[in-house]
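>>> what follows is a predicted structure for the sequence shown.
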Amino acid sequence: MNSKLFLFIILLGLTWSTSCKPREDVYDVVVYGGTSAGIICAVQLAIDGKNVAVVEPTSHIGGMTTEGLDGSDINNHPNFKNDAAVGGLTLEFYKTIAKHYGITDFEAKKDEFMTWRFEPHVADSIFLAWINKYKIPVFYGERLILGKEAINKQGSKINSFKTEKGSEYFAKIFVDATYEGDLLHYAGVSTTIGREANHQYNETKNGIRAENSYRNFEVDIDPYNIPGDSTSGVIHTVQQEYHQPELDGEGDQRIQAFCFRACLTKDSLNRVPFTKPLNYNREWYEIYLRYQAAGGKLYAPYYSIPNAKTDLGAWHDLSHNLYGMNHDYPAGDYNKRKEIYQYHLDFTQGLFWFLANDTAVHETTRDAWQQWGTTKDEFTDNNGWPRMIYIRDGRRMISDYVMTEHHTRKDTIIEVPQPVGVAYWPPDVHHVRRIIKDGSIYNEGFVFGGENWKPFSISYQSLIPKKEECTNVMTPTCPSSSHIAFGAIRLEWTFMVLGQSLGAAASLALEKEVAIQDIPYAALKELLLKEKQVLAL
């Protein structure tokens, strides 16, 4: 072969290789997932002088904090105040929020729940300002390849991961700050999805719930297409499954419901009236008419965040919380996740239009909903709708230390090893199914509150994997916890606290040149206290 031709072929091959698999810089830390926790983690690393990058699968940062979940669960319950657990950069975020809305004396106003609430675009602007201030590169639209081939791993150490665009990200330490936990999973870290059986961790609130009175129907609704005919199939949003009390406490892979945190307004200058979506299907809303006919009162929006807007969540017996319609999401591929997102979007847009316009809906309900609409100034690239659905459940890591219901209980005393933050919220797991009980529709799975709960410290050991599985990946959003304990941890502000703590832990591991499992906790504790993190109450 001609030597020049041979050299040309070699050079062509090298060019093809690098263009298909471009190698990025080697960072100290790469944070996969620009959620609120991921951004806080990256900011802490930048403050510590580390070379950090954020790789974000979507076109926006902030996760649910910028996608409609703006009614922060801080000081919003009359029987407890939980702001004592909010410290460090997370507290700085909320102080910046308050300052934006003209609250100059934060300490005097911190007991008021509106002090902690904000509009989506305001949270977005704060995160972007921090990213710019600390010169943190963010790579948008970079989705991890969903397969083990995405991970370049040597022994128990990740060297890099690859995205669908062909990019490859190299780092000494990785942080999975997503809600789904894909990086953890494909890196060979043990994870789980759904509800454990009660006997697994000797819990009482996990698994299938034999009885549920919380957020359940107070009126009887026939579930069948032809009322009274069990052979006719079931109406939409009902699963043709039957209440089986004998399965109480048994585990399954079902997850709590997803919904949109809709930002709506009645302000005529900012309101966009609800429109009927292209995929509108009136039959989907039969349950709302039957509920109404049985004497149930349909819900309506209300102001809950600044500037005449609402963060319209869903936790009611009947709302836009779609119990049982998302179980394939956490382990699904991107097409399946997109399908579930689109279904929830079509359903919710159709429901709001239906409640505002369908003449079969009682006039008082229609009048209430007709006053509301989406906003002109939020989610402007998505017609006023959040670009992310509220992913209340994804994968959870299984590590050497598992946070369980026992940590949440007032009647137990557990000395949590290596605390790096505090969860100050009761176990909160929404219904996972809408099934049939005694011939009527029944919601199954909700766990919330009660008297036997307390704030509890979260262990650093629950945020890192088993050492034999991986020595350089950590997560603030998919902790090693049972389904019930996760229900108390899964708040955005708690994730943010954990994000900062892991940023400090990663910095320490880099400086000491040790595996993340081997950092000296005394040194980490000193760093966290210096950063005004709250480690215990």
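Yep, that arrived.
>>> quick one: the helices in this protein?
Along the chain, the segments classed as helices by DSSP state H run 3-20, 36-47, 88-100, 106-109, 120-133, 182-186, 198-201, 286-293, 334-357, 363-370, 405-408, 483-489, 492-512, 521-530.
>>> now the nearest residue to residue 226 once chain neighbours are set aside: how far from residue 443?
Using Cβ to Cβ, 6 or more residues apart in numbering and skipping the chain neighbours, the partner closest in space to residue 226 is residue 232 (3.9 Å). To be clear about C-beta, it is placed using only N, CA and C from the backbone, and glycine gets the same treatment. The gap separating residue 232 from residue 443 is 22 Å, by Cβ to Cβ, to the nearest Å.
>>> same deal with residue 171?
Distance, residue 171 to residue 443, by Cβ to Cβ: 44 Å.
>>> low-confidence ranges in the protein?
Flagging of the chain using pLDDT under 70 yields the residue ranges 1-24.
>>> again, only using 90
Applying pLDDT under 90 to the chain flags residues 1-25, 449.
>>> return stretch 40-49 as CSV; C-alpha atoms alone will do.
The C-alpha coordinates for stretch 40-49 follow below in CSV (Å, rounded to 0.1, in the frame of the first residue of the first chain):
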residue,chain,number,x,y,z
ILE,A,40,-25.8,23.8,44.8
CYS,A,41,-23.2,20.9,44.7
ALA,A,42,-21.4,22.5,41.8
VAL,A,43,-21.4,26.0,43.5
GLN,A,44,-19.8,24.5,46.6
LEU,A,45,-17.1,22.8,44.6
ALA,A,46,-16.4,26.1,42.7
ILE,A,47,-16.2,28.0,46.0
ASP,A,48,-13.7,25.4,47.1
GLY,A,49,-11.6,26.1,44.0
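>>> residues near the residue nearest to residue 226, how many?
12 (other Cβ atoms under 10 Å).
>>> ends of stretch 271-285, what's the gap?
Separation of the first and last residues of stretch 271-285 by Cα to Cα, to the nearest Å is 24 Å.
>>> brain fart, stretch 232-250
Using Cα to Cα, one end of stretch 232-250 lies 29 Å from the other.
>>> same list, the helices of the chain, but as a markdown table with distance to residue 429 and mean neighbour count please.
Shown next, in a markdown table, are the helices of the chain (distance: least, Cβ to Cβ, whole Å; neighbours: other Cβ atoms under 10 Å):
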| stretch | distance to residue 429 | mean neighbour count |
| --- | --- | --- |
| helix 3-20 | 44 | 10 |
| helix 36-47 | 20 | 28 |
| helix 88-100 | 23 | 20 |
| helix 106-109 | 32 | 12 |
| helix 120-133 | 25 | 18 |
| helix 182-186 | 21 | 25 |
| helix 198-201 | 13 | 17 |
| helix 286-293 | 22 | 18 |
| helix 334-357 | 19 | 18 |
| helix 363-370 | 29 | 15 |
| helix 405-408 | 11 | 24 |
| helix 483-489 | 4 | 27 |
| helix 492-512 | 15 | 25 |
| helix 521-530 | 29 | 15 |
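>>> show me the contacts for the closest residue to residue 164 other than its chain neighbours.
Closest residue to residue 164 apart from its sequence neighbours, by Cβ to Cβ, 6+ apart: residue 143 at 4.9 Å. Counting by Cβ atoms under 8 Å, 6 or more residues apart in numbering, residue 143 touches 57, 163, 164, 165, 334.
>>> for residue 486, same thing?
Counted by Cβ under 8 Å, 6+ apart, residue 486 has contacts 393, 396, 403, 479.
>>> what distance do you get for residue 177 to residue 498?
Distance of residue 177 to residue 498, given as Cβ to Cβ: 9 Å.
>>> hey, C-alpha coordinates of stretch 157-172 in PDB?
The C-alpha trace of stretch 157-172 is given here as PDB (Å, rounded to 0.1, in the frame of the first residue of the first chain):
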ATOM      1  CA  LYS A 157     -13.700   3.700  39.700                       C
ATOM      2  CA  ILE A 158     -15.600   5.500  36.900                       C
ATOM      3  CA  ASN A 159     -13.300   7.200  34.500                       C
ATOM      4  CA  SER A 160     -15.900   8.800  32.200                       C
ATOM      5  CA  PHE A 161     -19.400   8.500  30.900                       C
ATOM      6  CA  LYS A 162     -20.800   9.000  27.400                       C
ATOM      7  CA  THR A 163     -23.900  10.800  26.200                       C
ATOM      8  CA  GLU A 164     -26.200  10.200  23.200                       C
ATOM      9  CA  LYS A 165     -24.600  13.200  21.400                       C
ATOM     10  CA  GLY A 166     -21.200  11.400  21.400                       C
ATOM     11  CA  SER A 167     -19.700  13.500  24.100                       C
ATOM     12  CA  GLU A 168     -17.500  11.800  26.800                       C
ATOM     13  CA  TYR A 169     -17.100  13.400  30.200                       C
ATOM     14  CA  PHE A 170     -14.000  12.600  32.300                       C
ATOM     15  CA  ALA A 171     -13.600  13.400  36.000                       C
ATOM     16  CA  LYS A 172     -12.000  12.200  39.200                       C
END
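>>> residue 164 reaches residue 141, doesn't it?
No - applying Cβ atoms under 8 Å, one finds residue 164 not in contact with residue 141, separated by 9.1 Å.
>>> need the contact list for residue 75.
81, 82, 83, 110, 111, 112, 113, 115, 116.
>>> mind checking how far it is from residue 92?
17 Å.
>>> how about residue 364?
The spacing between residue 364 and residue 92, counted by Cβ to Cβ, is 44 Å.
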